[in-house]
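1. Kindly return the folded structure for what I paste below:
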Amino acid sequence: MKFGFQPSSESAVSVSVEERDSSQDRISAWKIVRELLATALVSLLAFFGIHSSIENFRIDGPSMHPALIDGQHLLANKIIYFRFAFHPPRRGDIAIIVHPKDPSRHIVKRVIGLPGDIIEIDDGQVIRNGKRLSEPYVTHRDSRNFAPLQVPPAAYYVLGDNRRMSTDSRVWGFVPADNIIGRAWLSYWPSDRFEFIQPLW
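-> Numbers count the residues shown, from 1 in each chain. All right, here's what the predicted structure looks like:
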């Protein structure tokens, strides 16, 4: 007669099930970790992707009044002009610009002249390529005169809408194309000025 514990078939099955459950738990935990890592990576890429293409700016000063007011916050499309990925700046665009005389500052102005355009100002009235512009966005004109100038290649002529209170191409000249880093898209603050300023593209 043999003595000692002999595992029953039921206990062997139980151990097998426990081992299988433990293995499945490890696989499930690894899947969760992988999904979390993938989600974090996608979120990180999305954050940097959005940040590189859309950025917020604050209007400083009255130079773009009444279209934009001092302290107004807006989002700008930064990718639209990047190496002219979609199209170069267009006449009438409200653009975000690296100040040509102070690279630490970003300013907002309206594009008036493209490369090759001849710009003249007569008694405050802009004349482009011999034609006087209709500028309904300008409510504060001045009466200064500026002799005709041709916009050089890879440069732009920009003005503030508030001509009496704007320092722009009339003062510091043309803006290099590389200094135009985005186009105003959406105003989000103050809340009563929430609006799309220009199409995204």
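
2. Which residues belonging to the longest strand along the chain are considered buried?
-> Taking residue count as the measure and DSSP state E as the definition, the longest strand of the chain comes out as strand 180-189. Of all the residues in strand 180-189, those buried under the rule 16 or more other CB atoms under 10 Å are 180-187. Every residue, glycine included, has its C-beta placed from N, CA and C.

3. will you turn those residues into JSON lines that also has pLDDT and distance to residue 56?
-> JSON lines is the format used below for the buried residues of strand 180-189 (pLDDT from 0 to 100; distance: CB to CB, whole Å):
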{"residue": "180", "pLDDT": "94", "distance to residue 56": "18"}
{"residue": "181", "pLDDT": "91", "distance to residue 56": "13"}
{"residue": "182", "pLDDT": "91", "distance to residue 56": "11"}
{"residue": "183", "pLDDT": "93", "distance to residue 56": "14"}
{"residue": "184", "pLDDT": "94", "distance to residue 56": "11"}
{"residue": "185", "pLDDT": "90", "distance to residue 56": "10"}
{"residue": "186", "pLDDT": "91", "distance to residue 56": "9"}
{"residue": "187", "pLDDT": "93", "distance to residue 56": "11"}
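
4. so which of the residues you listed comes closest to residue 86?
-> residue 183 (9.8 Å; CB to CB).

5. I'd say that closest one and residue 88 touch.
-> No - applying CB atoms under 8 Å as the test, residue 183 and residue 88 come out as separate, 10.8 Å apart.

6. which residues are common contacts for these two?
-> With contacts defined as CB atoms under 8 Å, 6 or more residues apart in numbering, the residues shared by residue 183 and residue 88 are residue 81.

7. Tabulate the buried residues of strand 180-189 (TSV), appending distance to residue 31.
-> Formatted as TSV, those follow (distance: CB to CB, whole Å):
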residue	distance to residue 31
180	47
181	43
182	41
183	43
184	45
185	40
186	39
187	44
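
8. Residue 119 belongs to a strand?
-> Yes - judged by DSSP: H, G, I helix; E, B strand; the rest coil, residue 119 forms part of a strand.

9. Let me see the contact set for the residue nearest to it when sequence neighbours are not counted.
-> What sits nearest to residue 119 in space, not counting adjacent residues and going by CB to CB, 6 or more residues apart in numbering, is residue 113, at 4.4 Å. Taking CB under 8 Å, 6+ apart as the criterion, residue 113 is in contact with 91, 119, 128, 151, 156-158, 169.

10. Where does the prediction get shaky in the protein?
-> 1-27, 37-52, 83-85, 201 (pLDDT under 70).

11. all strands of it, in order?
-> Using DSSP E, strands in the chain cover 54-58, 73-77, 94-98, 106-113, 118-122, 125-128, 131-132, 146-150, 155-159, 175-176, 180-189, 195-196.

12. by contact count, what packs against the fifth one?
-> It refers to strand 118-122. The elements that strand 118-122 packs onto, with contact taken as 3 or more CB pairs under 8 Å, 6 or more residues apart in numbering; DSSP states H and E, are strand 125-128, strand 146-150.

13. what are the pairing partners of the first one, and which direction each?
-> Just to be clear, that refers to strand 125-128. strand 118-122 (antiparallel), strand 131-132 (antiparallel) (DSSP bridges).

14. I'm done for today, thanks for sticking with me.
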